[in-house]
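requesting a structural model of the entry that follows:
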Amino acid sequence: MNEKNIIIMQAISAVLMGSDYFMPESLRKSINDPLKTYFLGVKERAFKPFPEYWDFFWKNKTKTLYPLIIVVLNLFLYKFHLFSFHGTSGFLSYVIPVFALLWFFVSGISIILISNNILNQMVILVFLALPITGVAFFLEKSGKGPMAAAGFVILMLSFFIRYRQ
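Residues are numbered from 1 along each chain as shown. Okay, the predicted model is just below:
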């Protein structure tokens with residue numbers, strides 16, 4: 001984005017935030033009430049699929065919960081280096097690598113199951129729903145009204161874009 005677009009965003013945000021001071025109360029109320037209703041609907045629509053996905057998660061435990069437990073256990077094992085081969089001799093020098101390979105195979109299957117079921121169903125939904133819901137909640141509950149809050153969000157976005165350039 002170039003500087004001209006950032007200045008335009010800041011001008012729009014100034015108009016929206018300044019509306020609280022320069023508009024009569026009745027006009028502000030007639031604009032903010034439909035906006036509050038709209039942002040409440042956005043927030044509700046963002047979280048609408050969660051009960052269905054939660055039911056899916058618990059009904060398909062073998063495809064969702066158990067692989068997740070195996071992956072967490074695998075991360076625990078890696079963290080504390082429990083698959084260490086140093087200092088083993090005799091029978092253990094053969095058992096530990098075989099056990100490790102078996103465990104890696106089971107973990108691989110678990111990761112595949114998680115990627116197909118949990119990531120596609122829950123995680124992507126959360127990453128899409130949480131930012132939308134957070135912004136909608138802020139816009140809906142703002143003390144100055146959704147119109148001024150939208151101006152603030154646009155201003156913060158322009159600051160972020162300017163910082164990233």
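
list the buried ones in stretch 9-27?
Residues of stretch 9-27 classed as buried by neighbour count (16 or more other CB atoms under 10 Å): 9-10, 13, 16-17, 19-20, 23. Every C-beta, even on glycine, is put in place using the N, C-alpha and C of the backbone.

I misspoke; the intended subject was stretch 59-71.
Applying 16+ other CB under 10 Å to stretch 59-71 flags 63-64, 67-68, 70-71 as buried.

helix or strand for residue 110, which one?
Using DSSP states H and E, residue 110 sits in helix 92-114.

after that helix, which helix or strand is next?
The helix or strand immediately downstream of helix 92-114 is helix 124-141, counting by DSSP H and E.

packing partners for that next one?
Helices and strands touching helix 124-141, by 3 or more CB pairs under 8 Å, 6 or more residues apart in numbering; DSSP states H and E, are helix 25-47, helix 50-59, helix 146-164.

quick one: average pLDDT of the first one?
Translated: helix 25-47. The average of the pLDDT scores along helix 25-47 is 84.

nearest spatial neighbour of residue 67, skipping sequence neighbours?
Spatially, and ignoring its direct neighbours in sequence, residue 67 is nearest to residue 110 (3.5 Å; CB to CB, 6 or more residues apart in numbering).

can you count the residues close to that neighbour?
The tally of other residues near residue 110 (other CB atoms under 10 Å) stands at 20.

pretty sure it contacts residue 75?
No - taking contacts as CB atoms under 8 Å, residue 110 lies outside contact range of residue 75: 11.3 Å.

what separates residue 4 from residue 101, distance-wise?
According to CB to CB, to the nearest Å, residue 4 and residue 101 sit 60 Å apart.

which of those two has more neighbours?
The neighbour count for residue 4 versus residue 101, taken as other CB under 10 Å, is higher for residue 101 (11 against 8).

so where's this structure shaky on pLDDT?
Where the chain drops to pLDDT under 70, the residues are 1, 64, 78-97, 113-122, 124.
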